[in-house]
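J.: what shape does this take:
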Amino acid sequence: MSGLQDELLRTLVKVANALRGAEIPFALTGGCAGYARGGPASEHDVDLLVRPEDATEAVRVLVKRGLRAAEPPEDWLLKVYDGDSLVDLLFRPNERLVTDEILAMAEEMPVGSVMLPVMPATFVLSSKLLVLDGHRCDFSELLPFARALREQIDWEQVREETKDSPYAEAFLVLIERLDIIGSDHEFRAVPGSKSA
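T.: This next block holds a predicted model:
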């Protein structure tokens, strides 16, 4: 584990303990959730889902614990920093409000020295695919994620949840062509297609 990964893990534990102490429900998502499930390590930030009604209070609790708030340009998340480590508190990712039902999808898993609620790989991948657009269309982090967690992902659900995104469709075709989800899987990136 690199120094950056160690810092993110320390930040994650600090934030999780603070939110639990304040009885604010949350779930780990993004790259750190993928890492917790056996995927590639994340060195970018910590992404946590929180309900919209809890987001401001979560920031207040974290600032009280020594983190500093930052004003995000986006209107669907709030940001705090622990030193240089960024924590995104997502309450409306991809125009989908975080609800008790969404948080209930998380599974308690060991992450470093603590047990945390971690979102399913299917949810994380769909979320990552839905942010792709003409300005952000980089598959370099998504490919290792999909390869490492392919057995944990409900590919039909991913296709259904991302069906309106041509960028997601391109990614699904690519991973099928690369045999990441090849002939041993019932899933076909394009319905009716056949493996070579």
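J.: what pLDDT does the spatially most central residue of the chain get?
T.: With the centre of the chain defined as its mean C-alpha position, the nearest residue by CA atoms, centre = their mean is Gly30, 1.8 Å away. Listed pLDDT for Gly30 reads 94.
J.: what's the answer for the one 3 residues further on, then?
T.: You'll see Ala33 listed with a pLDDT of 95.
J.: pretty sure it contacts Val124?
T.: Yes - with contact defined as CB atoms under 8 Å, Ala33 and Val124 form a contacting pair (5.1 Å). From N, CA and C alone the C-beta is placed, and that goes for glycine too.
J.: these two: who's more crowded?
T.: Shown here are Ala33 and Val124; by other CB atoms under 10 Å, Ala33 has more neighbours (30 against 26).
J.: what's the helix or strand for that one?
T.: Using DSSP states H and E, Ala33 maps to helix 30-36.
J.: next SSE after that helix?
T.: Immediately after helix 30-36, counting by DSSP H and E, sits strand 46-49.
J.: which residues sit against the following helix or strand past that following strand?
T.: As assigned by DSSP H and E, the chain's next helix or strand after strand 46-49 is helix 52-64. Under the contact criterion CB atoms under 8 Å, 6 or more residues apart in numbering, helix 52-64 has outside partners 15, 18-19, 21-22, 24-26, 50, 69, 77-78, 80, 87, 89, 91-92, 97-98.
J.: got any ranges where this structure has weak pLDDT?
T.: 1-4, 182-196 (pLDDT under 70).
J.: in it, which helix is the longest?
T.: Using DSSP state H to define each element, the chain has its longest helix at helix 3-21.
J.: so for that helix, what gets flagged as buried?
T.: Neighbour-count burial for helix 3-21 flags 8-9, 11-12, 14-16, 18-19 (criterion: 16 or more other CB atoms under 10 Å).
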